[in-house]
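Student: Make a model of this:
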Amino acid sequence: ADFNYGADEYDAEGNEEPKALPEGSETMPYIDESPTMSPQLSARGQESGDGVSPTPTDGLGTGGERDAGKGLEMRKLVLSGFLASEEIYINQLEALLLPMKPLKATATTSQPVLTLQQIETIFYKIQDIYEIHKEFYDSLCPKVQQWDSNVTMGHLFQKLASQLGVYKAFVDNYKIALETAEKCSQSNYQFQKISEELKVKGPKDSKESHTSVTMEALLYKPIDRVTRSTLVLHDLLKHTPADHPDYPLLQDALRISQNFLSSINEDIDPRRTAVTTPKGETRQLVKDGFLVELSEGSRKLRHVFLFTDVLLCAKLKKTAVGKHQQYDCKWYVPLADLVFPSPEESEHCPQVHVIPDHELEDMKMKISTIKSEMQKEKANKGQSRAIERLKKKMFENEFWLLLNSPAIPFRIHNRNGKSYLFLLSSDYERSEWREAIQKLQKKDLQAFVLSSVELQVLTGSCFKLRTVHNIPVTSNKDDDESPGLYGFLHVIVHSAKGFEQSANLYCTLEVDSFGYFVSKAKTRVFRDTTEPQWNEEFEIELEGSQSLRILCYEKCYDKTKLNKDNNEIVDKIMGKGQIQLDPQAVQTKNWHMDVIEMNGIKVEFSMKFTSRDMSLKRTPSKKQTGVFGVKISVVTKRERSKVPYIVRQCIEEVEKRGIEEVGIYRISGVATDIQALKAVFDANNKDILVMLSDMDINAIAGTLKLYFRELPEPLLTDRLYPAFMEGIALSDPAAKENCMMHLLRSLPDPNLITFLFLLEHLKRVAEKEPINKMSLHNLATVFGPTLLRPSEGESKAHLTLASDIWSHDVMAQVQVLLYYLQHPPISFTELKRNTLYFSTDV
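Tutor: Numbers count the residues shown, from 1 in each chain. Predicted coordinates:
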């Protein structure tokens, strides 16, 4: 067993961080003297049940504990753990004292950093506490190092307990010390620099020489220490035989410590305090949930609680297995002081670092691969250990995705100073939080400051009151929960009515995938109307989705409100609603019409669902006169062209006016527009060019993708598919280059020329990435499966469960296209010239 008293916990992001006092609180938290409520021991043996639990001393000597030798051995382990944490504590006090001397020296000069009075207040009793613990450590250390079963050290603990009066003085001054330090930091930049980064020496045997800790965190350490010293006395007594000379001394020390803890808690026992607002009303929890906060430049997962009169941002503390979980308050804002800054007011807010789409897509692929591995393990009755390992990996990846995908800013400002920034993936969710807060703000609210006790009580109540228990990742779902739908949802947004006055209106559609909601489609803006008639169809890819949300917006054309931040949505939400995607109801071949009612507005829409295996079929066209579903060789021969007319025209139009369009090729065009273009190309209508010049650019991009998707066999052919999969997996660069170029030479001429034509176009699109946000990787993700996915007969061998999304194959298909996109220009004539040297068949 390894008893690590005082080891600082890990935070939810996996960074080790000192347990600093919550930023929003300015006073001392409640100290609990009962051993069962004290900070837990983190014992490695905890899971198997052999960890030491801080239990009272009665019933001593039962069971295996009768073996006095074992008890004394445990005593040594408890003491070693305590000694290690005592060393850390002394180093922390030392770090706190380090700036005191130079500060005192400057206090009497003409340019003091702090006055003597301020120094006295901030560092009150720290020197005395340091000396007491240094003496205690120096006396205890040799006894533990030269361990002997007869060694006695009860008198040392008794002496330590008798000096607790110094802590009483420290505790009484703690609130003023913290306030003074805070004020001095704000008014003096030099002191701010000092107090932000105090260097704490690492333990003797540690690799880390120093760690940086804030003064606020270090001032909290003595408070934490009293509780922990009491805790160790419990454990020592538990493993000390009653006839040992130390036993009565330790009992005495424990009695003194407990009385001391009771005395400083007498006036502030939270178990006798009701959770009430300053006006005496009961404070209720209205809403809670997990949000990503951008704090000091990094993303942190927070649990946010909205009470009747206060918004509290907390973090779940890391606790030992099976122990009571607790929240740590990071900050709070009384609703009376809370305002939502407008985009122009938030200019000074930190810029949101948006994770590139391809990194998010890569992570989704990884998660899908782990999912299919888990399904294989379960199907083969695999070892539970292997499944647990995969589950852990899956959780880590999903957690990363949850933390890094949100990009819509939700800003909160406290009138008295600080601003906070959350990042959400869904505007629906942002609007829900904003509306809930604004509704509460309509009441007559008062501003207030929570005392440390009130804050402690409020944070303590969060665990019992919370309604959202698990981080929203699929690995937290039970096996019997619905896995959601995988495939394509076709939605037609028909119309809306119920608007009181004319406006410029549009809708967006959101679905949940990987545990969080994302916006997937957007209708065009219907101008100056009370009854918009959109009648637009969208194809939305579902990845384990269970709900569809529709949001209706009024478009904002006011230039002053448009923010520089791409993800800032300034349009006004007129209404929003959501429906559950019931697999039984949705999975019919027919359209299913529905209405969502929102704030008196009714939006009419229809939907139907196609499972993934159905939607990915390549079905040859029955008639060979058109271009869709017809072999590329047939079309080029008929047109007497090297590249099909449809490919040339769509690419020309995209390069003319869509190359700077954000999300070109990624954002769905309106399905009805795409079908109209498909019909004119199939009929070889003379109005094609007129229609193209009038059509929305995303519909043209969608038509090009649809053409390649509906080819009866992929552009890179069924025959060569296995060889492409093998070639991309080669690790030697020269061998890979040889193989990948040879495969291109092996393609029929129309396929090769069309592929090279498309390749050069996609490279030109990616050159505009700073504007259109489409990198080579994004384009490879969109086009890879379209150009490579085998046709029905071939793909039988590759078919597995729908929900694994052919993850492995899809990743490889993306990699193949990415290889050619990143390759220096490839010319048809060069390739063919080299054919002479490579005459072997594939």
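
Student: how about low-confidence regions in the stretch 551-700 of the chain?
Tutor: 558-569, 585-588, 612-617 (pLDDT under 70).

Student: Please enumerate the strands of it.
Tutor: For the stretch 551-700 of the chain, the strands defined by DSSP state E, counting those that start in this stretch cover 572-580, 592-598, 601-611.

Student: how about these, which one is nearest residue 753?
Tutor: strand 601-611 (32.6 Å; C-beta to C-beta). For the C-beta atoms, the positions are set from N, CA and C on the backbone; glycine is no exception.

Student: Could you list the paired strands of the closest one along with their orientation?
Tutor: Using DSSP bridges, strand 601-611 pairs in its sheet with strand 485-497 (antiparallel), strand 592-598 (antiparallel).

Student: and residue 627, which of those is closest to it?
Tutor: strand 485-497 (22.7 Å).

Student: now the closest one, how far from the centre of its chain.
Tutor: 28 Å (C-alpha atoms, centre = their mean, to the nearest Å).

Student: what pLDDT, on average, does that strand get?
Tutor: Over the span of strand 485-497, the pLDDT mean works out to 88.

Student: please renumber so the chain begins at 731
Tutor: With the count now opening at 731, the last piece we talked about shows up as strand 1215-1227.

Student: residues of it that come out buried?
Tutor: Across strand 1215-1227, burial judged by 16 or more other C-beta atoms under 10 Å covers 1215-1224, 1226.

Student: follow-up on the earlier one: next, format the strands paired with strand 1331-1341 as JSON lines and append distance to residue 1488.
Tutor: Shown next, in JSON lines, are the strands paired with strand 1331-1341 (distance: least, C-beta to C-beta, whole Å):
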{"stretch": "strand 1215-1227", "distance to residue 1488": "23"}
{"stretch": "strand 1322-1328", "distance to residue 1488": "37"}
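
Student: Kindly report which residue of the chain is located farthest from the centre.
Tutor: Residue farthest from the centre of the chain, counting by C-alpha atoms, centre = their mean, is residue 973 at 55.0 Å.

Student: Which helix or strand in this structure has the lowest average pLDDT?
Tutor: Every helix and strand of the chain was ranked by mean pLDDT, DSSP states H and E. The lowest is helix 1522-1525, at a mean of 55.

Student: Residue 1170 - that's part of a strand, no?
Tutor: No. Secondary structure of residue 1170 (DSSP: H, G, I helix; E, B strand; the rest coil): helix, not part of a strand.

Student: tell me the contacts of it?
Tutor: By C-beta atoms under 8 Å, 6 or more residues apart in numbering, residue 1170 lies in contact with 1016, 1036, 1038-1039, 1065.

Student: pLDDT at it, what is it?
Tutor: The model reports residue 1170 with a pLDDT of 91.

Student: So, low pLDDT: which residues of the stretch 881-1030 of the chain?
Tutor: Using pLDDT under 70, the stretch 881-1030 of the chain drops low at 935-938, 993-1011.

Student: next one: the stretch 1031-1180 of the chain
Tutor: In the stretch 1031-1180 of the chain, residues with pLDDT under 70: 1049-1054, 1073-1081, 1112.

Student: Which phi and psi values does the residue farthest from the centre of the chain adopt?
Tutor: phi -90, psi 10 (degrees, to the nearest 10).

Student: Would you mind giving the domain segments of the protein?
Tutor: Here the domain assignment for the chain is 798-998, 1001-1076+1137-1202, 1215-1289+1298-1345, 1356-1565, based on the TED database.

Student: Return the distance of residue 1161 relative to residue 1360.
Tutor: Note on residue 1161: its distance to residue 1360, by C-beta to C-beta, to the nearest Å, is 47 Å.
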